[in-house]
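In: Build the 3D model from these lines:
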Amino acid sequence: MAKKYKVGVIGVGFIGPAHMEGIRRLGFDVVAVAEATQELAEQSAERLLVPKAYGDWKDLIADPEIDVVHIASPNFLHYKHAKAALEAGKHVICEKPLAMTSAESGELVRLAAEKKLVNAVNFNIRFYPLVQDAKARIEAGEIGDKLYIIQGSYLQDWLLLDTDWNWRLEPEFGGELRAVADIGSHWMDLVTFVTGTRIESVFADFKTFVPIRKKPKKKIDTFGGKLEVDMDYEEKPIFTEDYAAVLFKFDNGARGVMTVSQVSSGRKNRLFFEINGSKSSLIWDSEIPNQLVIGHRPEPNQLLIKDPSLMTQAAQWSASYPGGHPEGFPDTFKQLQTAVYRYISSGDFERKPDFPTFLDGHNILVVNDAILLSAKENRWVDIEY
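Out: This is a model prediction of the structure:
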């Protein structure tokens with residue numbers, strides 16, 4: 001019988017509860033949460049039905065009852081939270097970005113290997129069933145023996161107005177990159193996962209369309225600014241990008257382009273990719289995630305609706321429900337955690353993980369470094385992994 005793991009979650013704002021839902025759907029117990037203050041921790045624990053509340057994250061990591069730590073705190077805290085958890089002998093699932101710099105993330109990769117602990121980065125979008133199906137079709141050669149173009153976008157509108165605010169807008173908390181790091185990282189991880197390629201070189205262009213924003217004088221939750229009215233503000237200059245376009249060269253000879261934006265009105269949270277092979281194409285849109293378009297030249301295009309009986313055998317495990325029963329964002333957390341906890345339970349940590357690891361998170365940060373340099377110097381920059 002598999003062990004019933006006890007889990008602690010650091011940070012229970014927007015994304016922490018999504019982790020908790022996935023954990024609980026697997027039958028594991030969230031035994032503790034940690035927040036910035038004891039009062040916040042106790043309020044969160046009561047709201048989320050968790051027995052233990054820690055106002056100091058160090059106490060959660062030191063808790064001997066906890067086997068696995070999920071890190072869903074603000075970006076600037078990920079490195080020290082993950083490092084401390086590893087040093088305490090805990091397995092770790094961390095939100096992206098893994099750290100604020102590639103030097104920090106590289107250290108975490110080495111520490112996890114040294115400690116022989118399971119480590120994952122929450123690139124959850126990999127785990128939509130039809131994303132898994134797209135990967136399997138490419139591996140089987142269904143869209144051709146060569147990949148030509150990998151293109152798409154990740155668009156949101158939650159920072160469209162000058163009154164929209166979030167801690168991600170402040171480089172000391174979110175990092176020097178914003179749209180690229182926050183949502184572009186998901187797109188880059190996803191397309192390299194699906195295609196089995198690696199980004200080799202980048203050319204980037206950035207734009208900040210809202211150079212001055214109004215910061216609320218009271219704290220608001222992520223995406224919560226849309227619901228707030230009649231707040232007091234202070235004006236703040238913005239130094240991170242609202243928009244980026246990035247050209248890519250991939251190691252298999254493919255070319256590509258990504259557009260990311262957090263100021264695209266009407267796009268709530270849309271990741272889109274189109275992969276053009278020498279025979280056919282695959283097209284997927286996260287706002288209609290239960291559909292995959294398979295594009296052809298000599299015959300009509302196909303629209304595959306998520307149904308395990310119609311999916312490739314390799315991808316069927318990722319669909320928990322039969323055809324006609326949609327699966328969405330919360331299900332991706334459950335499926336990623338299924339892969340991670342299955343791996344922990346196996347005890348064979350020499351086996352290649354079937355989920356995104358700290359190394360995947362580190363590699364995206366290395367690419368981000370090159371994208372930032374390219375935008376600053378207006379030139380192609382090669383990736384040095």
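In: ok, residue 140 - contacts?
Out: Listed by Cβ atoms under 8 Å, 6 or more residues apart in numbering, the contact partners of residue 140 are residue 312. In this view, the C-beta of every residue, glycine as well, is placed from N, C-alpha and C.
In: can you list the domain ranges for the protein.
Out: Using automatic domain parsing, the domain parsing of the chain gives 6-117, 126-321+364-377.
In: among the ones you listed, which is the most enclosed?
Out: domain 6-117 (a mean of 20; mean count of other Cβ atoms under 10 Å).
In: end to end, how far does it reach?
Out: Terminal residues of domain 6-117 are spaced 16 Å apart (Cα to Cα, to the nearest Å).
In: among the domains of the chain, which is nearest residue 356?
Out: Among these, the nearest to residue 356 by Cβ to Cβ is domain 126-321+364-377 (6.5 Å).
In: ok so, going back, can you redo the domains of the chain as JSON lines with distance to residue 329 and mean pLDDT?
Out: Shown next, in JSON lines, are these (distance: least, Cβ to Cβ, whole Å; pLDDT from 0 to 100):
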{"stretch": "domain 6-117", "distance to residue 329": "8", "mean pLDDT": "97"}
{"stretch": "domain 126-321+364-377", "distance to residue 329": "8", "mean pLDDT": "94"}
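In: Just put these in TSV and tack on distance to residue 342.
Out: What follows is these, written out as TSV (distance: least, Cβ to Cβ, whole Å):
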stretch	distance to residue 342
domain 6-117	9
domain 126-321+364-377	10
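In: for those, which one sits closest to residue 345?
Out: domain 6-117 (10.7 Å).
In: for the stretch 201-350 of the chain, what spans make up the strands?
Out: Under the criterion DSSP state E, counting those that start in this stretch, the stretch 201-350 of the chain contains strands at 212-216, 233-237, 243-250, 255-261, 270-277, 281-285, 291-295, 302-305.
In: Can you list the strands that the first one pairs with?
Out: What it means is strand 212-216. Strands adjacent to strand 212-216 in the sheet, as given by DSSP bridges, are strand 233-237 (antiparallel).
In: follow-up on the earlier one: turn the strands of the stretch 201-350 of the chain into TSV, columns for distance to residue 362.
Out: Output for the strands of the stretch 201-350 of the chain, formatted as TSV (distance: least, Cβ to Cβ, whole Å):
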stretch	distance to residue 362
strand 212-216	31
strand 233-237	31
strand 243-250	18
strand 255-261	19
strand 270-277	21
strand 281-285	26
strand 291-295	30
strand 302-305	33
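In: what's the closest of these to residue 332?
Out: Once the strands of the stretch 201-350 of the chain are compared by Cβ to Cβ, strand 270-277 is nearest, at 11.5 Å.
In: How about residues contacting that closest one?
Out: Residues outside strand 270-277 that contact it (Cβ under 8 Å, 6+ apart): 125, 134, 138, 143-144, 146-156, 183, 186-187, 190-191, 194-195, 281-287, 295.
In: before we move on, the earlier item: for residue 101, which of the strands of the stretch 201-350 of the chain is the nearest?
Out: With Cβ to Cβ as the criterion, residue 101 lies closest to strand 243-250 of the strands of the stretch 201-350 of the chain, at 18.8 Å.
In: tell me what the closest one is packed against?
Out: If you count contacts as 3 or more Cβ pairs under 8 Å, 6 or more residues apart in numbering; DSSP states H and E, strand 243-250 packs onto strand 147-155, strand 199-207, strand 255-261, helix 358-377.
In: Do I have it right that residue 207 meets residue 242?
Out: Yes - using Cβ atoms under 8 Å, residue 207 is in contact with residue 242, at 6.4 Å.
In: show me what contacts residue 173?
Out: By Cβ under 8 Å, 6+ apart, residue 173 lies in contact with 74, 75, 76, 167.
In: which one of those is nearest residue 343?
Out: Checking these against residue 343 by Cβ to Cβ gives residue 75 as the nearest, at 25.5 Å.
In: so who does the closest one touch?
Out: 97, 100, 168, 173, 174, 175, 181.
In: from those, which ones fall inside helices?
Out: 173, 174 (DSSP state H).
In: Dump the contacts of residue 75 to CSV, plus distance to residue 236.
Out: Output for the contacts of residue 75, formatted as CSV (distance: Cβ to Cβ, whole Å):
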residue, distance to residue 236
97, 22
100, 20
168, 13
173, 12
174, 13
175, 16
181, 19
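In: State the distance from the residue most central in space within the chain to residue 340.
Out: Centroid check for the chain by Cα atoms, centre = their mean gives residue 123 as the closest residue, at 3.4 Å. With the distance defined as Cβ to Cβ, to the nearest Å, residue 123 ends up 12 Å from residue 340.
In: The residue nearest to the centre of the chain and residue 96, how far apart?
Out: 6 Å.
In: Touching both of those two, which residues are there?
Out: 185, 186, 189, 361.
In: quick one, what contacts the second one?
Out: Taking Cβ under 8 Å, 6+ apart as the criterion, residue 186 is in contact with 96, 123, 125, 154, 271.
In: mind running it again at 10 Å?
Out: Listed by Cβ atoms under 10 Å, 6 or more residues apart in numbering, the contact set of residue 186 reads 96, 122, 123, 124, 125, 126, 154, 260, 271, 286, 364.
In: ok, the residue located most distally from the centre of the chain - contacts?
Out: Farthest-out residue of the chain from its mean C-alpha position, per Cα atoms, centre = their mean: residue 298, at 36.6 Å. For residue 298, the contact set (Cβ under 10 Å, 6+ apart) comprises 279, 280.
In: Perfect, that will be all.
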